[in-house]
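Enquirer: What follows is a protein structure lacking sequence information:
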């Protein structure tokens, strides 16, 4: 089977829509019969995407996080353990090539919170099977990742309902 070269896509920034962009890639890949692994980091609550992705042919979804939001970028021991479990699964998927697309949602926090170095991540990224497409999302991306990624989209916040006191709503924000 002739497989295309897998690219690296990064959706980052302070705006809403990074996970939605990654889900768009997932839908297109699944629609063409590709196998997809969606790993959601620092998320422990039920989400609409979790319920839906599990029903999409060829897609698997796993969440790593707790019910609480991480306090000011200081993950507690349980959050760190959750991250390490997710990172183990991500490494395995990237290196074995079982999936055509691996999505690392909200993964960028691992760099800014000191849970993972660029050197460790890049060693796995550059050693992945050549056909594996990688999508990484989160707020702040390391410059090194931005330099090597094939697609980089920055999502900028112009206005957000939270600024008007409207909290996250079931079915729209989660």
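Expert: Everything's here; your move. Only a predicted model underlies this, so the values are computations on that prediction, with no experimental measurement involved.
Enquirer: got a list of what residue 30 touches?
Expert: Each residue near residue 30 by C-beta atoms under 8 Å, 6 or more residues apart in numbering is listed here: 36, 56-59. The way it works is simple: take the backbone N, C-alpha and C, and place the C-beta from them, glycine included.
Enquirer: Of those, grab the buried ones for PyMOL.
Expert: Buried residues within the contacts of residue 30, by 16 or more other C-beta atoms under 10 Å, are selected in PyMOL with:
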select buried, resi 36+56+58+59
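Enquirer: And the strands in this structure, which stretches?
Expert: Counting by DSSP state E, the chain has strands at residues 8-12, 36-41, 59-64, 101-105, 133-138, 151-154.
Enquirer: and the fifth one, which strands flank it?
Expert: What that stands for is strand 133-138. Sheet pairing here is set by DSSP bridges, and for strand 133-138 it gives strand 8-12 (parallel), strand 101-105 (parallel).
Enquirer: Just name the most buried of those strands.
Expert: strand 101-105 (a mean of 26; mean count of other C-beta atoms under 10 Å).
Enquirer: which stretches of this structure have low pLDDT?
Expert: Low-confidence segments of the chain (pLDDT under 70): 1-2, 69-72.
Enquirer: Now do the helices in it.
Expert: Ranges of helices within the chain are 18-31, 48-53, 77-96, 109-112, 118-127, 143-148, based on DSSP state H.
Enquirer: Just checking the distance from the fourth one to the centre of its chain.
Expert: Looking back up the chat, that one is helix 109-112. Its chain's C-alpha centre and that of helix 109-112 lie 12 Å apart, by C-alpha atoms, centre = their mean, to the nearest Å.
Enquirer: residues of it that come out buried?
Expert: Neighbour counts over helix 109-112 (16+ other C-beta under 10 Å) mark 109-111 as buried.
Enquirer: Repeat that for the second one.
Expert: Applying a neighbour-count criterion of 16+ other C-beta under 10 Å, one finds 49-50, 53 buried in helix 48-53.
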